[in-house]
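1. When you get a sec, could you give me coordinates for this:
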Amino acid sequence: MADEGDGSALTILWIVSLICTAGLLIAMLAAGGSNEELAALLGGVGFAVGALLATTYQMSRNRKRALPRPEAVNALMDRMQMLEQEQQRMAELEERVDFAERMLARAQDEALLPHARHGDGRGL
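-> Now for the predicted structure:
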């Protein structure tokens with residue numbers, strides 16, 4: 001997902017590119033044809049410096065974005081620990097429900113047995 005910072009970074013890159021291009025054109029016009037080599041050299045250097053600045057800026061923004069904040073990491077670790085505790089609690093509750101179901105089934109089975117109805121232990 002792109003956030004608002006990506007749009008402003010692209011805007012800055014475009015502005016830097018336009019400034020470099022304008023610098024190239026101004027240098028060429030200033031030379032007036034007599035120093036075309038100097039104008040081309042100045043324009044090329046200006047373009048290279050602008051591209052280098054834009055690339056460095058974008059790389060630093062990406063590096064900052066890649067590093068998580070310590071408080072965010074701590075919050076995630078706390079949340080993970082809480083989820084693990086909840087999973088353990090759910091497992092214990094599942095065991096209790098299973099035990100209760102077995103006890104209920106056993107009580108129902110004993111109620112259906114003939115010896116349990118007569119109480120004399122012979123079953124009839």
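
2. Other residues contacting stretch 80-94?
-> Residues from elsewhere that reach stretch 80-94 (CB atoms under 8 Å, 6 or more residues apart in numbering): none. The C-beta positions use only the backbone N, C-alpha and C, and glycine is treated the same way.

3. just the CA coordinates of that stretch, formatted as PDB?
-> The C-alpha coordinates for stretch 80-94 follow below in PDB (Å, rounded to 0.1, in the frame of the first residue of the first chain):
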ATOM      1  CA  MET A  80       2.000 -11.900  20.600                       C
ATOM      2  CA  GLN A  81       2.500 -12.900  24.200                       C
ATOM      3  CA  MET A  82      -1.100 -12.100  25.000                       C
ATOM      4  CA  LEU A  83      -2.300 -14.200  22.100                       C
ATOM      5  CA  GLU A  84      -0.100 -17.100  23.200                       C
ATOM      6  CA  GLN A  85      -1.600 -16.900  26.700                       C
ATOM      7  CA  GLU A  86      -5.100 -16.900  25.200                       C
ATOM      8  CA  GLN A  87      -4.300 -19.900  23.100                       C
ATOM      9  CA  GLN A  88      -3.100 -21.800  26.200                       C
ATOM     10  CA  ARG A  89      -6.300 -20.800  28.000                       C
ATOM     11  CA  MET A  90      -8.400 -22.000  25.100                       C
ATOM     12  CA  ALA A  91      -6.600 -25.300  25.100                       C
ATOM     13  CA  GLU A  92      -7.300 -25.700  28.800                       C
ATOM     14  CA  LEU A  93     -11.000 -24.900  28.300                       C
ATOM     15  CA  GLU A  94     -11.200 -27.400  25.500                       C
END
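
4. What's the mean pLDDT across it?
-> What stretch 80-94 shows for mean pLDDT is 96.

5. And the chain, what are its domain boundaries?
-> 1-67, 71-124 (automatic domain parsing).
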